[in-house]
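Q: No sequence on hand, only this structure:
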Ligand SMILES: C=CC1=C(C)c2cc3[nH]c(cc4nc(cc5[nH]c(cc1n2)c(C)c5CCC(=O)O)C(CCC(=O)O)=C4C)c(C)c3C=C
Ligand SMILES: [Fe+2]
Ligand SMILES: [Fe+2]
């Protein structure tokens, strides 16, 4: 058998008509919230050298000897608490995003396009998404990882997965890979709109917290730009929000923090949980919190921000705690996706 695969049952000339296939990707979830399915998922996830940068042999012993024996049970319980009749929120919301983006593209006259979704870990896999586009005759592919801020563990890892598939194809497609969009004005506007709507409805809180998914500090020290891109995102959104005097938002009352720490090493600081715990004793008992690194609500927002962190804040004496949902399938979010894609369509 050849080491390179190809489609053989179609005349090539039909495939010269360049149609643009769009591959939307996100992180992925287990197939179901059971210990067994979570173990399969975490095994793939935590074996990725972009996620854990400990020498391979040492890490494989720790991962298989300890972590995968303990964590799946605990994580499955957390996944159960957010699971819906449509399955994992992250996967379901990505499906909605795919369908809405597809409709918007048609509505705007981009007829020769199709949107497919894939997950970096679990299903539907990156391989199945690329394969679907190839079978449908797309020889031009735009990959849009749905992470606004570039980081090696997310977008870098998505690139690895895409290239691992394409390196086995005989006819490599024209490929456009989007490596983040945190400065895109339509994206910043969408974030500002969602915050502004909440503040106008529920009042301006004493503190507005931007909580980003964290990563080991060593990644930053070794050149990962994610930390800076997160702080820049906060700044751009606040610049926009402070223009609206009705909101009475002072930039001194906005903080950026980092959540979801995993393992014992130092991660990006300030930590979300420790920050929230300390606010009430400073007299700050009314906060709103948003997580701009997540383009869809998921375990890390629905359980960690809505559940765990709310509890930490309230137990420390906090009184008002509002989580402002991820942009999910909001119209302005889908418009932002189109705006990011436009130069490549
Ligand atoms: C172990 C290191 C991890 C790094 C580094 C990391 C970076 C990172 N992750 C996201 C987005 C998501 N992460 C999610 C879950 C999740 N993340 C880690 C670990 C790291 N993430 C774990 C072990 C898990 C699984 C859940 C658990 O067992 O606790 C999710 C949610 C998935 C879902 O199904 O809902 C997202 C989304 C970003 C943006 C990021 C950037 C630095
Ligand atoms: Fe993560
Ligand atoms: Fe978490």
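A: Perfect, I can see it now. Note that the structure is predicted; figures quoted are calculated from it, not measured. Ligands and ions are numbered 1, 2, ... in the order given.
Q: all helices for this protein, in order.
A: Here the chain has its helices, by DSSP state H, at 12-15, 35-46, 56-62, 68-82, 89-107, 126-135, 157-166, 185-202, 217-221, 226-241, 272-278, 310-315, 331-341.
Q: Mean neighbour count, mean pLDDT and distance to residue 114 for those helices - can I get that in JSON lines?
A: Every residue, glycine included, has its C-beta placed from N, CA and C. Formatted as JSON lines, the helices of the chain follow (neighbours: other C-beta atoms under 10 Å; pLDDT from 0 to 100; distance: least, C-beta to C-beta, whole Å):
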{"stretch": "helix 12-15", "mean neighbour count": "10", "mean pLDDT": "68", "distance to residue 114": "14"}
{"stretch": "helix 35-46", "mean neighbour count": "18", "mean pLDDT": "98", "distance to residue 114": "27"}
{"stretch": "helix 56-62", "mean neighbour count": "12", "mean pLDDT": "97", "distance to residue 114": "38"}
{"stretch": "helix 68-82", "mean neighbour count": "16", "mean pLDDT": "98", "distance to residue 114": "30"}
{"stretch": "helix 89-107", "mean neighbour count": "19", "mean pLDDT": "98", "distance to residue 114": "7"}
{"stretch": "helix 126-135", "mean neighbour count": "19", "mean pLDDT": "97", "distance to residue 114": "7"}
{"stretch": "helix 157-166", "mean neighbour count": "18", "mean pLDDT": "98", "distance to residue 114": "17"}
{"stretch": "helix 185-202", "mean neighbour count": "18", "mean pLDDT": "98", "distance to residue 114": "22"}
{"stretch": "helix 217-221", "mean neighbour count": "15", "mean pLDDT": "98", "distance to residue 114": "35"}
{"stretch": "helix 226-241", "mean neighbour count": "19", "mean pLDDT": "98", "distance to residue 114": "30"}
{"stretch": "helix 272-278", "mean neighbour count": "20", "mean pLDDT": "98", "distance to residue 114": "38"}
{"stretch": "helix 310-315", "mean neighbour count": "17", "mean pLDDT": "98", "distance to residue 114": "40"}
{"stretch": "helix 331-341", "mean neighbour count": "20", "mean pLDDT": "98", "distance to residue 114": "13"}
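Q: Quick one: name the residues of this structure near ligand 3.
A: Counting by C-beta under 5 Å from the ion, the chain comes close to ligand 3 at 260, 300, 304.
Q: Pull out the buried members of those.
A: Burial by neighbour count, 16 or more other C-beta atoms under 10 Å: within the residues of the chain next to ligand 3 this picks out 260, 300, 304.
Q: Report the lowest-confidence entry in those residues.
A: The member of these with the lowest pLDDT is residue 260, at 92.
Q: Any figure for the gap between it and residue 156?
A: 18 Å (C-beta to C-beta, to the nearest Å).
Q: still on that earlier bit, any chance of a markdown table for the residues of the chain next to ligand 3, columns distance to residue 92?
A: A markdown table is the format used below for these (distance: C-beta to C-beta, whole Å):
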| residue | distance to residue 92 |
| --- | --- |
| 260 | 21 |
| 300 | 16 |
| 304 | 18 |
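Q: Which single one of those residues is nearest to ligand 1?
A: Ranked by distance to ligand 1 (C-beta to the nearest ligand atom), the residues of the chain next to ligand 3 are led by residue 300 at 4.8 Å.
Q: tell me the contacts of residue 35?
A: Taking C-beta atoms under 8 Å, 6 or more residues apart in numbering as the criterion, residue 35 is in contact with 72-73, 76.
Q: With residue 120 instead?
A: 25-28, 126, 145, 154, 157-158, 161.
Q: could you dump those to a markdown table with distance to residue 98?
A: As requested, those are exported to a markdown table (distance: C-beta to C-beta, whole Å):
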| residue | distance to residue 98 |
| --- | --- |
| 25 | 11 |
| 26 | 10 |
| 27 | 15 |
| 28 | 14 |
| 126 | 14 |
| 145 | 14 |
| 154 | 19 |
| 157 | 20 |
| 158 | 16 |
| 161 | 18 |
